[in-house]
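Peer 1: give me coordinates for this.
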Amino acid sequence: MDINFNKNEDHNKLLLSALQKRLTKVSLGGGKSRIEKLHSKGKMTARERIDYLLDAKAKSIEIAAFAGEDMYAEHGGCPSGGVIVKIGYVKGKQCIVVANDATVKAGAWFPITGKKNLRAQEIAIENKLPIIYLVDSAGVYLPLQDEIFPDKEHFGRIFRNNAIMSSMGITQISAVMGSCVAGGAYLPIMSDEALIVDKTGSIFLAGSYLVKAAIGEGIDNETLGGATTHCEISGVTDYKAKNDADALNTIKNIIDKIGDYDKAGFNRKDSKKPKENPEDIYGILPKSRADQYDMYEIIKRLVDNSEYDEYKAGYGQTIITCYARIDGWAVGIVANQRKLVKTTGSKTKPKEMQFGGVIYNDSADKATRFIANCNQKKIPLVFLQDVTGFMVGSKSEHSGIIKDGAKMVNAVSNSVVPKFTIIIGNSYGAGNYAMCGKAYDPRLIVAWPSAELAVMSGNSAAKVLLQIEKASLLKKGEKITPEKEEALFNKIKDRYDNQVSPYYAAARIWTDGIIDPLDTRTWISMGIEAANHAPIEKKFNLGVLQV
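Peer 2: Residues are numbered from 1 along each chain as shown. Coordinates of the predicted model:
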């Protein structure tokens, strides 16, 4: 191992350590005192409920753990968006579980809470995956009601999705384990089956105080909408549970009796570990996002037996396209090569150096063809992103880079096989789009701690923004000294660097999470298993395409 490998390894393991510390902090939700208060009422926390429900020792993945991080500071924060979402197994059946975190503002819905719930439902709909709601929420967070109440992607969309999923035959089970008020009361009742915990669960359109104010009726919450009322009088709920554990056991028993699902039929064989040591990834991945490295070495540490079959190996070399297996599942990999590439050349086309991480005409053309092949063969696609964008300049423009890039974007957009995106390093500009960014419907999209997402790098953006700022100041008659210019540049770059951070993206659910590179195989495998619940019903069609 050389000195650069050791430096890279130290840097990436420090990033991983920082990730683990942040995950530990966010797992406390509203804090230890609020957890203790919840326990004093005989209730489990949202995470404890999910852990109890999911099969012990089975793998699980958490969606959007960092949602809301460093947002809403003026409102006391909203760790994990006030709701926990995990994909795991209940009685051996893969499910997605959504649990309100009552330690965060009594489980109230912030704007990011709504976005995270809609993301969970989107995953359930795309994959026809059973979804379980563990409800414990005070309803919409009123100080921010204008940002969550009326729009298409706001709170009301949740109940529309309940209805859509019901029509699709997707199993939905709700357990009311705390408050369930106002519009939120529709969620459990629009599920297939609803449970309510005695004495701690309640459902009503308006609580006792509002009822008193609105119509003058004096009534307590338990009589108004408790377990006995809804299980024995209104018939709103289907099961009364003694406590949290009893409710969760009932859900397990319901899930245990669900029949098998129709399968998409993706190819899977026995899983094999990579021959190359996956932990080498920490030393291969460079400390600087500008440095070159060989993406083949990353691929070897992600795929079964470190084996792959490369498509068009000598053509369009700044994108790698290959068939492989991950945890036994057949996949097609589209990856940005980060090494400088020397083209072979010919009598009509001279040799040239191509920059790693840049998409050229030939690499875009190759990727388009490969994506079409994977769709024809019903092979899920995995995108490994470390892309700075498309090649610019007169040579590329005259060669039709916009047209070739559009072909690739078209193929990604119209792909009908499930897509999974791993942001390893750079994810800049239109390169993010062509390599299946969030806007292009990957079933799951995650970032490594080394990732950066933005229109361009912090350094490049700061230079552009500096010129704009300088022009503005000069117009006002201010003199720009070298010292002032440097201070301005650093200020702009610091602000921009914060926005390119993977945590900034994860807080806004531009990605589904930040993960340890060694967990990549688990995310892809569980993602394909989820996708296998949903047979492909559309045909791959590129539509009108300039060739």
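Peer 1: and Thr481, how many neighbours does it have?
Peer 2: 9 (other Cβ atoms under 10 Å). C-beta: built from backbone N, CA, C; applies to glycine.
Peer 1: just the C-alphas of stretch 482-494, formatted as PDB.
Peer 2: Taking C-alpha atoms only, stretch 482-494 is exported to PDB below (Å, rounded to 0.1, in the frame of the first residue of the first chain):
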ATOM      1  CA  PRO A 482      -6.400  41.600  -3.300                       C
ATOM      2  CA  GLU A 483      -7.000  41.000   0.400                       C
ATOM      3  CA  LYS A 484     -10.700  41.900   0.000                       C
ATOM      4  CA  GLU A 485     -11.000  39.700  -3.100                       C
ATOM      5  CA  GLU A 486      -9.600  36.800  -1.200                       C
ATOM      6  CA  ALA A 487     -11.900  37.300   1.800                       C
ATOM      7  CA  LEU A 488     -14.900  37.600  -0.600                       C
ATOM      8  CA  PHE A 489     -13.900  34.400  -2.400                       C
ATOM      9  CA  ASN A 490     -13.500  32.400   0.900                       C
ATOM     10  CA  LYS A 491     -16.800  33.700   2.200                       C
ATOM     11  CA  ILE A 492     -18.600  32.700  -1.000                       C
ATOM     12  CA  LYS A 493     -16.900  29.300  -1.100                       C
ATOM     13  CA  ASP A 494     -17.600  28.500   2.500                       C
END
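Peer 1: what's the pLDDT at Gly458?
Peer 2: Per-residue confidence (pLDDT) for Gly458: 65.
Peer 1: quick check: Val85 is in a strand.
Peer 2: Yes: counting by DSSP: H, G, I helix; E, B strand; the rest coil, Val85 is found in a strand.
Peer 1: which non-adjacent residue is nearest it?
Peer 2: Nearest residue to Val85, sequence neighbours excluded (Cβ to Cβ, 6 or more residues apart in numbering): Ile63, at 4.2 Å.
Peer 1: which secondary structure state is assigned to Asn420?
Peer 2: Residue 420: Phe, not Asn. strand.
Peer 1: let me see the ranges of the helices in the stretch 201-350 of the chain.
Peer 2: Secondary structure of the stretch 201-350 of the chain (DSSP state H, counting those that start in this stretch): helices located at 208-215, 221-225, 227-228, 244-256, 281-284, 295-300.
Peer 1: got the contact list for the residue nearest to Val85?
Peer 2: Applying Cβ atoms under 8 Å, 6 or more residues apart in numbering, we find Ile63 in contact with 85-87, 96, 116, 119-120, 123, 512-513.
Peer 1: in strands, which of these appear?
Peer 2: Within those, residues falling in strands by DSSP state E are 85-87, 96.
Peer 1: redo those residues as JSON lines? Include pLDDT and neighbour count.
Peer 2: Putting the ones in strands among the contacts of Ile63 into JSON lines (pLDDT from 0 to 100; neighbours: other Cβ atoms under 10 Å) gives the following:
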{"residue": "Val85", "pLDDT": "98", "neighbour count": "26"}
{"residue": "Lys86", "pLDDT": "98", "neighbour count": "21"}
{"residue": "Ile87", "pLDDT": "98", "neighbour count": "26"}
{"residue": "Ile96", "pLDDT": "98", "neighbour count": "21"}
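Peer 1: spit out the contact partners of Lys539.
Peer 2: Contacts of Lys539 by Cβ under 8 Å, 6+ apart are Val416.
Peer 1: A helix includes it, no?
Peer 2: No: counting by three-state DSSP, Lys539 is not found in a helix; it is coil.
Peer 1: any idea how far it is from Ser415?
Peer 2: Distance of Lys539 to Ser415, given as Cβ to Cβ, to the nearest Å: 11 Å.
Peer 1: mutual contacts of those two, please.
Peer 2: With Cβ under 8 Å, 6+ apart as the test, Lys539 and Ser415 reach no residue in common.
Peer 1: so, low pLDDT: which residues of the stretch 301-450 of the chain?
Peer 2: Applying pLDDT under 70 to the stretch 301-450 of the chain flags residues 344-353.
Peer 1: ok, the stretch 51-200 of the chain next?
Peer 2: Checking the stretch 51-200 of the chain against pLDDT under 70 turns up nothing.
Peer 1: quick one, strands of it?
Peer 2: In the stretch 51-200 of the chain, the segments counted as strands under DSSP state E, counting those that start in this stretch are 61-63, 83-90, 93-100, 131-137, 172-181, 193-197.
Peer 1: who are the packing partners of the fifth one?
Peer 2: Meaning strand 172-181. Applying 3 or more Cβ pairs under 8 Å, 6 or more residues apart in numbering; DSSP states H and E, we find strand 172-181 packed against strand 131-137, helix 156-168, helix 186-189, strand 193-197, strand 202-204, helix 244-256.
Peer 1: go again with 6 Å.
Peer 2: Judged by 3 or more Cβ pairs under 6 Å, 6 or more residues apart in numbering; DSSP states H and E, strand 172-181 is in contact with strand 131-137, strand 193-197, helix 244-256.
Peer 1: so which of the ones you listed is nearest Ser33?
Peer 2: Nearest of the helices and strands packed on strand 172-181 to Ser33, taken as Cβ to Cβ: strand 131-137 at 17.5 Å.
Peer 1: any idea what Trp268 is bridged to?
Peer 2: You called it Trp, but residue 268 is Arg. Under DSSP bridges, the beta-bridge partners of Arg268 are Trp329.
Peer 1: ok, it to Thr250 distance?
Peer 2: Applying Cβ to Cβ to Arg268 and Thr250 gives a distance of 33 Å.
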